[in-house]
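K.L.:
Need a 3D model of the sequence below.
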Amino acid sequence: MEQVLNAVMDLVVPPASMVMLAFAWSTLPFLRGVEWALKTLTKEDMLGKVVVITGASSATGEQIAYEYARRNANLVLVARREHRLFGIRDNARLLGAGQVLVIAADVVKEDDCRRLVSDTVSYFGQLNHLVNTVSLGHDFNFEEAADTTAFPLLGIEPSEKPPKVNSGL
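P.N.:
Numbers count the residues shown, from 1 in each chain. The predicted model follows:
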C-alpha cells in the first residue's frame, strides 16, 4: 500500500507543483506593482522633520542617515566617536539633508541621552523620529546583566527581569 501511495504522489505532486508555481509566478508583477503604489502613496514627507540617529558612525547608522538625507530630513547624528560624524554630516548634506547637528554622546549613559534630546529640541524645536542603531556590543548572560547597561536599551524596567532559566548547558 505504501508503494502505491508513493507512486501516486510521485505522479501527482510534481505537475501540481508546476501548475501552482505558474499561477504564483504570474501574480508577482501585480504584487510588486501594488507594493510600489503603496510605498509611493504612503511615503512620509520628511521635509522639515527631525531624525535622531544613534550609532551614526557605524556602517548601519551611516547608511540610515544617508537614506533620511535623500528624503530631505534634518538629521541629528549621535555617536561616541564625534570625529567620524563630520564626514557623514558632509555626505548627508550633499545627498539633500536639511540641517545636520552632530552630537557626541554615549546613549548607555542617561545624562547623555537627556542632553542629546535637550540639544535637539533646543536646536530644531522638535524631534520627530528616533533611530537607535546602538547595541550592547558584547555577549552577556541576560540574568547577570547590570541593570544600568542592558535595560535602558531594551526599554524595560529592571524589576521586569525574567526569572532565571536553567539552559541545561
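K.L.:
If I look at the residue lying closest to residue 49 once chain neighbours are set aside, what pLDDT would I see?
P.N.:
Nearest non-adjacent residue to residue 49, counting by CB to CB, 6 or more residues apart in numbering: residue 128, 4.3 Å away. To be clear about C-beta, it is placed using only N, CA and C from the backbone, and glycine gets the same treatment. Looking at residue 128, its pLDDT reads 92.
K.L.:
Isn't residue 128 up against residue 47?
P.N.:
No: assessed by CB atoms under 8 Å, residue 128 is found out of contact with residue 47, at 11.2 Å.
K.L.:
which of these two has more neighbours?
P.N.:
Ranked by neighbour count (other CB atoms under 10 Å), residue 128 and residue 47 place residue 128 first, with 14 against 11.
K.L.:
What residues does that one make contact with?
P.N.:
Residues near residue 128 by CB atoms under 8 Å, 6 or more residues apart in numbering: 49-51.
K.L.:
go with 10 Å
P.N.:
44, 46, 48-52, 73-74 (CB atoms under 10 Å, 6 or more residues apart in numbering).
K.L.:
Could you tell me which of those belong to strands?
P.N.:
Of those, the ones assigned to strands by DSSP state E are 50-52, 74.
K.L.:
Nearest to residue 107 among those?
P.N.:
residue 52 (9.9 Å; CB to CB).
K.L.:
Can you get me a residue count around the nearest residue to that closest one once chain neighbours are set aside?
P.N.:
Among residues not flanking residue 52 along the chain, residue 76 sits closest, at 4.3 Å (CB to CB, 6+ apart). Residue 76 has 28 neighbouring residues, counting by other CB under 10 Å.
K.L.:
tell me the mean pLDDT over the helix or strand hosting residue 76?
P.N.:
Counting by DSSP states H and E, the element that carries residue 76 is strand 74-79. In this model, strand 74-79 carries a mean pLDDT of 96.
K.L.:
Please identify the pairing partners of that strand and their relative orientation?
P.N.:
Looking at strand 74-79 with DSSP bridges, its partner strands are strand 50-54 (parallel), strand 100-104 (parallel).
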